[in-house]
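Student: The amino acid sequence is not available; the structure is as follows:
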Ligand SMILES: Nc1ncnc2c1ncn2[C@@H]1O[C@H](COP(=O)(O)OP(=O)(O)O)[C@@H](O)[C@H]1O
Ligand SMILES: Nc1ncnc2c1ncn2[C@@H]1O[C@H](COP(=O)(O)OP(=O)(O)O)[C@@H](O)[C@H]1O
Ligand SMILES: [Mg+2]
Ligand SMILES: [Mg+2]
Ligand SMILES: [Mg+2]
Ligand SMILES: [Mg+2]
């Protein structure tokens, strides 16, 4: 996977965020402050502009720029978190021109570690981690099993989707929703839902 | 001492506060928020208007009205505190038309208790209590000693003044100045200084 | 629902915390700001606080949350056991917890306990 | 003097707490508000926080005081041990304590400790 692949991934995420913007915001209205869709749309709009202006030459440089831009522009908690995720992934890729499936898996694990280091959320706390962790695990397992890329990313995407849906019965223990205590039960976490979009976009781009 | 006496006392306090307004504010500038003179001036201006409008017929009714007006109009911590003081004194006088020196002493003790119940300050905490308590004690002692009113109120006024000066080396443990910790040392407490004005006004009116 | 009154020296501060707490805790909670003196200065107006108490009182009790100094003293003057009670809590964090609890239908004691929890919640 | 940056979701809230803390803690303390997003909405702008850090940094260290959520995460991203440190404290009460300590000439650790004291000071 080369720079063009990751650029296509980011484009795909930006498009998915745009089309699911209102849905994400509705999820956030139930247990947060109704801005998650708007936050990510603002962030990825800025990312597209930054990429167009800088044309980064490696997957690593591209992802670090994506992360830095999200950190600066999103405005909500998801900004520092996704921003750190993309930056860590980019740093893991160094200045390689091509990234293998195993390296992608390693990069996504570094991203997840970054999210957890910054936000201190564990699985089950009803955050983006509940979609990110099973997706990263599924990809790592697929790599170990020698599964081919398209199938591996399919597994990661469905794990993220399932992880997101599985946040519904949970009580939030991190982020703004945690203030609601038991009242956060019965709703899907918006950040977990957007993480499922990220992995869904990866599957879509790999399937082309 | 009749209603007219207490009306004259309040007039005298209002005049003293007006003429010492900037001094009180300067004291508050050092360890507070530079509004004590303005607060009390606003409060006693409102008190004069309220008294003119209502013409209360007993010392008790007059002092309760003074207290209620201070509570509503002062704006700073001294409002609820002095307001409670005057209300408690007024309540202690009931509907008597005349108040003896012993009853005045009892009333001022009730006022002090009210201040301490509300503000939870002990002597030595660098508040108005450090002037109020020695003044009330001096008056009680004078009553026990059978001293005549003018001399008794002279003793109370000088005890209040000494109490106020003695706040200089103290560290504030109540009120806004307590946030300054050790930096509150070396300044006279503005509320103690205004309490000295109250007792000074009582001496002045009794000496007429 | 339990009503909540935020009492601050500064009318701006009380209003901003009301806005933040409302956004997190839901729009339905009876919640009012009583900040500043009557003439808009820094300080406390018992009349403003009394009016705010009336405004949010639905018969299930009212919690007063003061910031410091005269706000605390004014709250003490206006408390009335079992009906109008003071929460001695961190101003912003306690207000958010109280509003969320009230919005969840907690009793007066429940809202008070939730607000006091804010002393024990760390942010990092 | 140690610098202090108040980070809130709401630009109004950060500004009001700065005003209150300044009034109590003294005008000389380097103190800045970093509230809201760049376009004035509710949220956090790391660029605003970075600018505020620069503004208050006199070489003696900077304490960041976040309210909640993205303010805390942004503060964590911008911290740098021994230089720019986070105070995990009640927003209003901790800010006042920190500003007073800084104004009194306390070191970075001293300001942090004073701010943390705010968890233990009761109002009644
Ligand atoms: N400490 C945390 N760790 C992991 N994820 C978090 C944390 N705090 C918040 N989140 C995620 O961020 C999402 C909310 O993002 P967003 O609405 O953009 O930010 P905000 O809550 O500041 O408005 C939540 O649904 C959750 O998945
Ligand atoms: N809890 C308290 N108990 C007794 N006196 C107090 C208390 N808090 C404040 N004071 C007195 O009030 C004075 C300050 O009054 P003022 O400046 O009018 O109010 P504020 O501090 O709200 O601006 C202090 O100097 C002190 O004497
Ligand atoms: Mg949100
Ligand atoms: Mg938000
Ligand atoms: Mg004052
Ligand atoms: Mg004041």
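Tutor: Sure thing, it's come through. Everything numeric here is computed off the predicted structure, so don't read it as measured data. Ligands and ions are numbered 1, 2, ... in the order given.
Student: if I pick the closest residue to residue A:125 other than its chain neighbours, what's in contact with it?
Tutor: Closest residue in space to residue A:125, ignoring its immediate chain neighbours: residue A:173 at 4.1 Å, by C-beta to C-beta, 6 or more residues apart in numbering or on different chains. In short, each C-beta sits where N, CA and C put it, glycine included. With contacts taken as C-beta atoms under 8 Å, 6 or more residues apart in numbering or on different chains, residue A:173 has the following neighbours: A:121, A:124-126.
Student: so which of those is the most crowded?
Tutor: Counting neighbours by other C-beta atoms under 10 Å in any protein chain shown, the top entry in the contacts of residue A:173 is residue A:126, with 28 neighbours.
Student: Just the ones of the contacts of residue A:173 in strands?
Tutor: Among the contacts of residue A:173, no member is found in strands (DSSP state E).
Student: any chance of the residues you listed in a markdown table, with distance to ligand 6 and pLDDT too?
Tutor: Output for the contacts of residue A:173, formatted as a markdown table (distance: C-beta to the ion, whole Å; pLDDT from 0 to 100):
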| residue | distance to ligand 6 | pLDDT |
| --- | --- | --- |
| A:121 | 42 | 96 |
| A:124 | 48 | 97 |
| A:125 | 43 | 97 |
| A:126 | 44 | 98 |
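Student: so who does the one residue in chain A that gets nearest to chain B touch?
Tutor: Relative to chain B, the nearest point of chain A is residue A:179 (28.2 Å; C-beta to the nearest C-beta). Applying C-beta under 8 Å, 6+ apart, we find residue A:179 in contact with C:24-25, C:96-97, C:100.
Student: quick one, helices of chain C?
Tutor: In chain C, the helices defined using DSSP state H lie at C:11-25, C:46-56, C:70-78, C:91-103, C:108-117.
Student: Report pLDDT for residue C:115.
Tutor: Residue C:115 carries a pLDDT value of 96.
Student: so where's chain C shaky on pLDDT?
Tutor: For chain C, applying pLDDT under 70 flags no range at all.
Student: interface residues of it facing chain B?
Tutor: C:37-38, C:41-47, C:68-70, C:73-74, C:76-77 (C-beta under 8 Å from any C-beta of the partner chain).
Student: Can you tell me which of these is closest to residue A:110?
Tutor: residue C:68 (45.5 Å; C-beta to C-beta).
Student: my read: that closest one touches residue B:175, true?
Tutor: No. Assessed by C-beta atoms under 8 Å, residue C:68 is found out of contact with residue B:175, at 9.3 Å.
Student: So what's the residue count around residue 48?
Tutor: Using chain A here. Residue A:48, neighbours per other C-beta under 10 Å, totals 18.
Student: Sorry, I should have been clearer: chain C.
Tutor: Neighbours around residue C:48, by other C-beta under 10 Å: 22.
Student: Find the residue closest to it in space, skipping its chain neighbours.
Tutor: Using C-beta to C-beta, 6+ apart and skipping residues adjacent in sequence, the residue nearest residue C:48 is residue C:34, 4.5 Å away.
Student: do the same with residue A:191
Tutor: According to C-beta to C-beta, 6+ apart, the nearest residue to residue A:191 is residue A:128 (3.6 Å).
Student: I'd guessed that neighbour sits against residue A:195; true?
Tutor: Yes. Contact criterion C-beta under 8 Å: residue A:128 and residue A:195 qualify, at 4.5 Å.
Student: all helices for chain A, in order.
Tutor: Under DSSP H, chain A gives helices at A:3-31, A:36-54, A:59-73, A:78-93, A:101-119, A:129-144, A:149-165, A:190-206.
Student: Pipe these into a markdown table and attach mean pLDDT per row.
Tutor: Shown next, in a markdown table, are the helices of chain A (pLDDT from 0 to 100):
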| stretch | mean pLDDT |
| --- | --- |
| helix A:3-31 | 97 |
| helix A:36-54 | 98 |
| helix A:59-73 | 98 |
| helix A:78-93 | 98 |
| helix A:101-119 | 98 |
| helix A:129-144 | 98 |
| helix A:149-165 | 98 |
| helix A:190-206 | 98 |
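Student: I'd like those helices as a markdown table, with distance to ligand 5 appended.
Tutor: Compiled in a markdown table, the helices of chain A are given as follows (distance: least, C-beta to the ion, whole Å):
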| stretch | distance to ligand 5 |
| --- | --- |
| helix A:3-31 | 42 |
| helix A:36-54 | 42 |
| helix A:59-73 | 42 |
| helix A:78-93 | 40 |
| helix A:101-119 | 42 |
| helix A:129-144 | 49 |
| helix A:149-165 | 54 |
| helix A:190-206 | 46 |
